[in-house]
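what's the 3D shape of this:
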Amino acid sequence: MGCGGSAAAQPTDGEASPGVDRRRSAHVLPESTGVLGGATFAQAISDHFKDCYVDLSPVELECQTPLYSGLNDFLEKHPDDAQRLRHTQNIVKKCEAAGCLKANARTMIKCNACGSTLPETEGTSTNIFTSFIYGIGPFKISIRHASPDVMVLDDMMQVTPCHFDAIPTDHYIQDWRWLLNRPEDALLLIEKLKSRSETAMSSFWNNQAYMQKFINTDAHKLSLQDVTEHVAAGFNFPPSQYQLHLQYMLPPFTPFQYQMLIEGKGFVKGRFFPFKYVRSVLECSVKNGGANAIKVDSQTGIDTIMQHFDKLGVSYDEIYTEFYGNIVESHKKLANWQPEDFALRSKGEEMFQANSDTERGNVSSQ
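The predicted model follows:
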């Protein structure tokens, strides 16, 4: 038995797909998106953003003290525990560019921080997410929610001002593929991760300084429930951190990330899996008495999973295309970037003053 799925038109170079006009705003100024005259706002002026940080609550601040001074301290207190050692490591490709050195997912070709070509050799890195779960220092991050079963924290490489990772803390789940072995339980889990993220997001949407700085005035009238429709949420495979985490991003995207989106370079197809897709394949798995389910192990390829559910009517291509078009339109509706908050704009190899007239492209290189 198939599981259904509606067709969606393919966008070109990140342009929005048909059917998402409800997200368009007639009052969006060109510069508010962060790209003006083909030049992207760059070099944010930090003093202009210092008053719009959303503070942590006293309860959240209590979660910031580590239990272990470092990974060696943790392993010394848990000797001969191969499972815990495995939990603290990722398999990655490490960027070798000076000043970067970021650990990237092992299937990546370009570093997603600096854009440099990655080496072919794989290595290991410390799993930051399990370090947070176990309380291993010296790693620190803003924790937006913490409970015995879920942690919501600020993403370490935020692409929006409100960008969380929601992580289960009571189970080690390397990546979202493993959810398919227990689809009914997994549906409850991912909905819980999404719900806790929405709660954390509410402190941003209800923060006046954040709203005034980042959100287009026309969007201020949206209710919290309405704005959840604009959230970009999903899972990466392979992840750069080997613990299941829901990426939860409320637009606007940073100007650079929006430029990547309109160039069709954001949310890499075949690596990013929208929340709607993962939920749909899990729902499909429990239908027909479980006959649609697929069992996975460490060798199960992501293409195998996609092909299996595509035959059952859950199309990754359709859901991804709809997702991509929607988030581009959501950015346009919510964005409130202002040229006076940036020192420069970039266009290819050229740099311009942020307040120069690039509306018609008549700008001079600095």
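
Which parts of this structure are strands?
35-36, 39-44, 89-94, 103-105, 123-126, 143-146, 150-154, 162-168, 232-236, 246-250, 272-274, 342-347, 350-353 (DSSP state E).

ok, of these, where does mean pLDDT dip lowest?
Mean pLDDT per stretch puts strand 103-105 lowest among those, at a mean of 79.

could you pull out the helices for this structure?
Counting by DSSP state H, the chain has helices at residues 58-61, 71-77, 82-87, 128-134, 183-205, 208-214, 224-227, 255-262, 275-286, 302-311, 316-334.

Now the weakest link among those helices, please, by mean pLDDT.
helix 58-61 (a mean of 62).

gap between the closest residue to residue 200 other than its chain neighbours and residue 37?
Excluding its sequence neighbours, the residue lying closest to residue 200 (Cβ to Cβ, 6 or more residues apart in numbering) is residue 144, at 3.9 Å. In this view, the C-beta of every residue, glycine as well, is placed from N, C-alpha and C. From residue 144 over to residue 37 the distance is 36 Å, taken as Cβ to Cβ, to the nearest Å.

between these two, which one's more packed in?
Comparing residue 144 with residue 37 by other Cβ atoms under 10 Å, the one with more neighbours is residue 144, at 26 against 17.

Quick check: the more buried one touching residue 154?
Yes - if you go by Cβ atoms under 8 Å, residue 144 and residue 154 touch, sitting 6.7 Å apart.

Name all residues that make contact with the spatially most central residue of the chain.
Closest residue to the average C-alpha location of the chain: residue 247 at 3.9 Å, with Cα atoms, centre = their mean. Applying Cβ atoms under 8 Å, 6 or more residues apart in numbering, we find residue 247 in contact with 155, 163, 164, 165, 232, 233, 234, 235, 236.

Looking at the residues you listed, which one is closest to residue 74?
residue 165 (20.7 Å; Cβ to Cβ).

The closest one and residue 196, how far apart?
Counting by Cβ to Cβ, the gap from residue 165 to residue 196 is 11 Å.

shared neighbours, the two?
Listed as contacting both residue 165 and residue 196 by Cβ under 8 Å, 6+ apart are residue 152.

show me what contacts residue 130?
Contacts here follow Cβ under 8 Å, 6+ apart; on that basis residue 130 touches 87, 88, 172, 242, 243.

Can you tell me the closest non-neighbouring residue to it?
The nearest residue in space to residue 130 (Cβ to Cβ, 6+ apart) is residue 87, at 4.8 Å.

Double-check that neighbour against residue 172; I have them as touching.
Yes - with contact defined as Cβ under 8 Å, residue 87 counts as touching residue 172 (5.4 Å).
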